[in-house]
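Engineer: here are the coordinates; sequence isn't available:
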């Protein structure tokens, strides 16, 4: 959602309204002039020409707190920059816009240039941190990394409380403030512990809704903290210190976590108390309240410890978390948290489909696919709780065999459910149309025009069903002779049966390209030539699966390219660390549309029993 940052900024001296023109920015209240660089307000002293620009690509550790905050195109975020960087570009895919407050002109300009290059709604304002030059109630979320440690002075406690009060004033009613701190890398000499941070928030007029310890090497494990635990940390020598298994597990001399985060949700009306708890807290509560009906092992847990998936959110816009009992190493369940409205829709559909499959094939639940236990719905987020899937991911050598075993067993147990191709063919149709406009080759025009007619003649359902799950090697779990698939389907109805094996082949090509150093399009082109000329394990897997599913041979030349364009669309929002970006997937899709590639796919099919 496009948002003009100039409408949010005010004079950092007296909070007066600003007038922008080509000459600069002028406060209409005090008359003080300021500079700007395009739409970047510069409320800092001019830098000399020899200042080295600060790279915009630095970022904090993976933003493992994102799922605690509201998401969607209607959400606007303010993030306070740190010497270590910011997480604006990780947040940008989940929200409408992000404004970064940084105290360096070159950093602000570099951030804005990087945002334009990535085509995301990230804006920057250069001003001292404590000035907060924004109009009241301008944001839905404020993110403050290590900010309290930068508020120093003779009475730091009062100054921090005042700073928090001003941060809260920037929020819309019902907005959220995330304050976190890493004692090992925070800027400045001031040490801020958990008690000091909570005191600043309370004295600033807010109520900490939830407190979390971030631990583990990457800080991606979150432990919700309650008041009793915080009190025990504050005074470890208290006789009433609880002696639970978890507190014995912690170092006794440790008074406060090294890394912690505090979530503050503001009241929707004045004096109404804090807003709703996060989706994580609501999920924990739902698991405890519904424990008898979940049919999971053991007694209902007390407090839950969570480990987050170490990768970025999946292309479908969900983030996974594993809840554990205190002191235990086996997860109780798999929690999937939607990061936007589209992901919430797909999670609801997946929950409904898993329930349907469990009714139709009860013996296959927990064997071929997980059971979906709960849907937890808050005002802005949604999570599902699934039974844990035991087993290990297959090795690359065993991946094809495991995938083929699962597909055959699934089709045999559940039958061929209603499917759709429209969701996949829409991006393909668009790309074919674009290629048709670009080409000057008469023969290629005829081939593309025929392909467009073929695509338009296919039946399907609404594009709202778009969002096929990722049927990839790391989503399989092998336990003896049993293979289970997770995260494999998000549609309200089953996608066409050829999609899973073709998607799996693309995943194998992606892995091979990463190992060989080739591009994805080069790897795909080379594989197509090799597969059409002789025996190839990937080709054999694909053809056997298509034959088992009773697919029409004509679907493969167009469908194989369609999946690459689908992946391009998915990765526009979320790209994993080792995954190809949208442009790489588009190039791979275009390579699969090339005449030579389509001929290879046609030859591959003709050599099989599918014709």
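Structural biologist: Here it is on my side, so go on. Treat the numbers as computed from the prediction; the structure is a model and nothing was measured.
Engineer: contacting residues around residue 261?
Structural biologist: Contact analysis of residue 261 by Cβ atoms under 8 Å, 6 or more residues apart in numbering lists 65, 68, 178, 179, 180, 181, 211, 212, 214, 222. All C-beta spots, glycine's among them, are computed from the backbone N, C-alpha and C.
Engineer: Let's see that with 7 Å instead.
Structural biologist: 65, 178, 179, 180, 212, 214 (Cβ atoms under 7 Å, 6 or more residues apart in numbering).
Engineer: Next, it: secondary structure please.
Structural biologist: In three-state terms, and counting by DSSP: H, G, I helix; E, B strand; the rest coil, residue 261 is strand.
Engineer: Quick check: which element contains the closest residue in space to it that isn't next to it in sequence?
Structural biologist: Distances taken as Cβ to Cβ, 6 or more residues apart in numbering put residue 180 closest to residue 261, at 3.8 Å, once the chain neighbours are dropped. Assigned by DSSP states H and E, residue 180 falls within strand 171-182.
Engineer: Just the buried residues of whatever helix or strand comes next after that strand, please?
Structural biologist: As assigned by DSSP H and E, the chain's next helix or strand after strand 171-182 is helix 194-203. Within helix 194-203, the residues that count as buried by 16 or more other Cβ atoms under 10 Å are 194, 196, 197, 198, 200, 201.
Engineer: Relative to residue 571, which of the residues you listed is nearest.
Structural biologist: Of all those, residue 197 has the smallest distance to residue 571: 36.5 Å, by Cβ to Cβ.
Engineer: is it true that that closest one touches residue 180?
Structural biologist: No. Taking Cβ atoms under 7 Å as the definition, residue 197 is not a contact partner of residue 180, at 8.9 Å.
Engineer: Low-confidence bits of the stretch 251-400 of the chain, can you list those?
Structural biologist: Applying pLDDT under 70 to the stretch 251-400 of the chain flags the ranges 251-256, 268-276, 309-316, 379.
Engineer: Now do the helices in it.
Structural biologist: 279-289, 291-294, 341-360, 396-414 (DSSP state H, counting those that start in this stretch).
Engineer: Quick one: closest of those to residue 8.
Structural biologist: Nearest of those to residue 8, taken as Cβ to Cβ: helix 341-360 at 24.0 Å.
Engineer: what comes up buried for that closest one?
Structural biologist: 341-351, 353-354, 357-358.
Engineer: In CSV, list the helices of the stretch 251-400 of the chain along with distance to residue 33.
Structural biologist: Below are the helices of the stretch 251-400 of the chain laid out as CSV (distance: least, Cβ to Cβ, whole Å):
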stretch, distance to residue 33
helix 279-289, 45
helix 291-294, 63
helix 341-360, 43
helix 396-414, 62
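Engineer: which one of those lies closest to residue 41?
Structural biologist: That would be helix 341-360 among those, by Cβ to Cβ, at 31.3 Å.
Engineer: Summarise which helices and strands the closest one is packed against.
Structural biologist: strand 334-338, strand 372-377, strand 382-386 (3 or more Cβ pairs under 7 Å, 6 or more residues apart in numbering; DSSP states H and E).
Engineer: try it again with 10 Å
Structural biologist: Secondary-structure packing of helix 341-360 (3 or more Cβ pairs under 10 Å, 6 or more residues apart in numbering; DSSP states H and E): strand 72-80, strand 318-325, strand 334-338, strand 372-377, strand 382-386, helix 396-414.
Engineer: nearest to residue 331, of the helices of the stretch 251-400 of the chain?
Structural biologist: Checked against Cβ to Cβ, the stretch from the helices of the stretch 251-400 of the chain lying closest is helix 279-289, at 11.8 Å.
Engineer: Quick one: mean pLDDT over stretch 550-557.
Structural biologist: Averaging pLDDT along stretch 550-557 yields 73.
Engineer: Surely residue 389 touches residue 334?
Structural biologist: Yes. At 6.8 Å, residue 389 counts as touching residue 334 under the criterion of Cβ atoms under 10 Å.
Engineer: Dump the contacts of residue 261 to a markdown table, plus distance to residue 32.
Structural biologist: Formatted as a markdown table, these follow (distance: Cβ to Cβ, whole Å):
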| residue | distance to residue 32 |
| --- | --- |
| 65 | 37 |
| 178 | 32 |
| 179 | 31 |
| 180 | 34 |
| 212 | 41 |
| 214 | 41 |
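Engineer: Buried ones from these, can you make that a PyMOL selection?
Structural biologist: Under the burial definition 16+ other Cβ under 10 Å, those of the contacts of residue 261 that qualify are selected in PyMOL by:
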select buried, resi 65+178+179+180+212+214
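Engineer: Which positions in the helix or strand that residue 605 is a member of come out as buried?
Structural biologist: Here residue 605, judged by DSSP H and E, is contained in helix 595-606. For helix 595-606, a neighbour-count test (16+ other Cβ under 10 Å) marks 597, 598, 600, 601, 602, 604, 605 as buried.
Engineer: roughly how far apart are the second one and residue 124?
Structural biologist: Right, residue 598. With distances taken as Cβ to Cβ, to the nearest Å, residue 598 is found 46 Å from residue 124.
Engineer: before we move on, the earlier item: mind putting the contacts of residue 261 in TSV, pLDDT included?
Structural biologist: Formatted as TSV, the contacts of residue 261 follow (pLDDT from 0 to 100):
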residue	pLDDT
65	76
178	91
179	90
180	86
212	82
214	71
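Engineer: Would you state the helices of the stretch 401-550 of the chain in chain order?
Structural biologist: So, for the stretch 401-550 of the chain - with DSSP H, counting those that start in this stretch - the helices run 422-438, 442-456, 499-516, 520-533, 537-549.
Engineer: Identify the residues contacting the residue lying closest to residue 409 once chain neighbours are set aside.
Structural biologist: Nearest non-adjacent residue to residue 409, counting by Cβ to Cβ, 6+ apart: residue 368, 5.8 Å away. For residue 368, the contacting residues are 357, 361, 406-407, 409-410, 412-414, 482-485, 488, by Cβ atoms under 10 Å, 6 or more residues apart in numbering.
Engineer: Next, work out how far apart the residue lying closest to residue 366 once chain neighbours are set aside and residue 543 are.
Structural biologist: Of all residues not flanking residue 366 in the chain, residue 387 sits nearest, at 5.7 Å (Cβ to Cβ, 6+ apart). According to Cβ to Cβ, residue 387 stands 34 Å off from residue 543.
Engineer: Just want to know which of the two has more residues nearby.
Structural biologist: Set residue 387 next to residue 543 and count neighbours by other Cβ atoms under 10 Å: residue 543 wins out with 22 against 19.
Engineer: The more buried one touches residue 531, doesn't it?
Structural biologist: Yes. If you go by Cβ under 10 Å, residue 543 and residue 531 touch, sitting 9.3 Å apart.
Engineer: Do I have it right that residue 510 meets residue 472?
Structural biologist: Yes. Under the criterion of Cβ under 10 Å, residue 510 is in contact with residue 472, at a separation of 8.6 Å.
Engineer: circling back to that earlier point, among the helices of the stretch 251-400 of the chain, which is nearest residue 585?
Structural biologist: Going by Cβ to Cβ, the one of the helices of the stretch 251-400 of the chain nearest residue 585 is helix 341-360, 18.5 Å.
Engineer: so that closest one versus strand 334-338, what angle?
Structural biologist: 140 degrees (axes from the mean of the first three to the mean of the last three Cα atoms, to 10 degrees).
Engineer: got the angle for helix 341-360 vs strand 372-377?
Structural biologist: 150 degrees.
Engineer: quick check: angle from helix 341-360 to strand 382-386?
Structural biologist: Using the same axes, to 10 degrees: helix 341-360 against strand 382-386 is 30 degrees.
Engineer: got the angle between helix 341-360 and strand 318-325?
Structural biologist: Using the same axes, to 10 degrees: helix 341-360 against strand 318-325 is 60 degrees.
Engineer: Strand 72-80 and helix 341-360, what's the angle between them?
Structural biologist: Using the same axes, to 10 degrees: helix 341-360 against strand 72-80 is 120 degrees.
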